[in-house]
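J.: What follows is a predicted structure for the sequence shown.
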Amino acid sequence: MKDILDLDRYPLDREGSAEWQRLVEQSIAALEAGGMFNLEGFLRPGVAEMAVREIKPVMDARSHVHKRTHNIYFKPDIPELAPDHPALRKVETISHTVCADQIPGSTVLAIYEYEPLVRFLAATMGKARLHVMQDPLARTNVMAYRAGEALNWHFDRSEFTTTLLLQQAERGGDLEYRTDLRSDDNPNYDGVARLLEGRDPQARILRMKPGTLNVFRGKNTAHRVTTVEGNRERMIAVFSYYEKPGVMFSDEERIGFYGRAA
Ligand SMILES: [Fe+2]
């Protein structure tokens with residue numbers, strides 16, 4: 001793993017050491033201050049390109065195209081809102097998904113399963129333990145966004161999202177986010193409407209570099225990936241970890257996300 005991850009800069013393999021503890025504390029501080037942390041250069045030079053070469057043939061030939069018109073909640077309606085409320089404005093998401101079962105033995109899956117990474121992430125998220133997911137499709141997904149495609153505005157279902165950027169688009173394909181747009185007890189529908197109308201001055205854009213590991217707290221921070229431009233697709237691995245071992249998706253969830261149950 002030391003040839004794949006920059007363990008000199010990010011000492012995940014030295015759990016409990018002073019430098020490991022320092023990295024955990026910096027990551028927790030960044031999560032508290034800005035809702036995310038980034039380990040730039042997490043992959044050694046050339047590794048992101050190698051991972052892309054492994055996945056690209058599957059992405060081109062067998063990825064699931066996901067195209068949906070949705071609102072920021074990914075729900076057909078919100079009981080307390082009129083159907084024409086501007087917080088329910090429709091947006092479009094298009095992406096291509098490769099599932100873990102399509103890339104056995106890949107570099108991306110080896111990183112996903114690397115125990116010191118799982119333990120480091122648990123420490124930064126304040127969890128006693130995290131576990132890889134058992135679901136053969138959902139445990140790791142690699143998403144591609146091509147010219148004209150975007151992951152549009154949403155809130156995440158899970159508390160934290162862990163991603164590894166493999167390839168950046170020529171232009172666009174950036175993470176745009178609005179920190180703490182809502183809270184657990186205030187849905188702030190007017191604020192949501194303002195963001196969707198492009199009138200929220202607190203929206204920020206982050207251009208990530210390939211090889212960056214990002215942990216993002218997206219439950220109440222609205223975010224999207226802006227529309228990709230140019231010939232190079234944006235490719236990103238999404239890692240799913242749970243506090244419980246053995247987590248599986250239902251057949252309905254698998255069909256909804258990937259168009260197949262197995
Ligand atoms: Fe998200």
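T.: Right, received. Where do you want to start? Quick caveat, the model's predicted, so the values are computed rather than measured.

J.: Remind me which helix or strand residue 141 belongs to.
T.: Assigned by DSSP states H and E, residue 141 falls within strand 140-145.

J.: partner strands of the strand ranked longest in the chain, parallel or antiparallel?
T.: Scanning the chain for the longest strand, with DSSP state E as the assignment, gives strand 91-99. Neighbouring strands of strand 91-99 in its sheet, by DSSP bridges, are strand 64-70 (antiparallel), strand 140-145 (antiparallel).

J.: Sort out which residues of that strand are buried, please.
T.: 91, 93, 94, 95, 96, 97, 98, 99 (16 or more other C-beta atoms under 10 Å). Where you see a C-beta, it was placed from the backbone N, CA and C, and this is true even at glycine.

J.: Stretch 131-150: how far from the chain's middle?
T.: 8 Å (C-alpha atoms, centre = their mean, to the nearest Å).

J.: can you dump the C-alpha coordinates of that stretch into CSV?
T.: Extracted in CSV, the C-alpha atoms of stretch 131-150 (Å, rounded to 0.1, in the frame of the first residue of the first chain):
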residue,chain,number,x,y,z
HIS,A,131,-16.9,-1.4,8.6
VAL,A,132,-16.7,-1.9,4.9
MET,A,133,-20.1,-2.6,3.4
GLN,A,134,-21.0,-6.2,2.5
ASP,A,135,-23.2,-5.2,-0.5
PRO,A,136,-21.2,-6.4,-3.6
LEU,A,137,-22.5,-3.5,-5.8
ALA,A,138,-22.7,-0.6,-3.4
ARG,A,139,-19.6,-0.9,-1.3
THR,A,140,-17.6,1.2,-3.7
ASN,A,141,-19.0,3.0,-6.7
VAL,A,142,-17.0,4.9,-9.4
MET,A,143,-19.0,7.7,-10.9
ALA,A,144,-18.2,9.4,-14.2
TYR,A,145,-19.6,12.7,-15.4
ARG,A,146,-19.1,13.6,-19.0
ALA,A,147,-19.6,16.9,-20.9
GLY,A,148,-23.0,18.3,-20.1
GLU,A,149,-23.5,16.0,-17.1
ALA,A,150,-23.8,16.9,-13.4
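
J.: Show the residue spans covered by the helices in this structure.
T.: 18-34, 47-62, 107-112, 115-124, 189-196, 251-258 (DSSP state H).

J.: How much space separates residue 130 from residue 216?
T.: Using C-beta to C-beta, to the nearest Å, one gets 15 Å for the distance from residue 130 to residue 216.

J.: just to revisit the earlier point, in TSV, list the strands paired with strand 91-99 along with mean neighbour count and distance to residue 233.
T.: Formatted as TSV, the strands paired with strand 91-99 follow (neighbours: other C-beta atoms under 10 Å; distance: least, C-beta to C-beta, whole Å):
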stretch	mean neighbour count	distance to residue 233
strand 64-70	13	13
strand 140-145	24	5
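
J.: Among those strands, single out whichever gets nearest to the ion.
T.: Of all the strands paired with strand 91-99, it is strand 140-145 that lies closest to the ion, at 10.5 Å by C-beta to the ion.

J.: average pLDDT across the closest one?
T.: In this model, strand 140-145 has a mean pLDDT of 98.

J.: Do that strand and the ion come into contact?
T.: No: contact of strand 140-145 with the ion is not found when judged by C-beta under 5 Å from the ion; the minimum separation is 10.5 Å.

J.: relative to helix 47-62, how tilted is that strand?
T.: Counting by axes from the mean of the first three to the mean of the last three C-alpha atoms, to 10 degrees, strand 140-145 lies at 80 degrees to helix 47-62.
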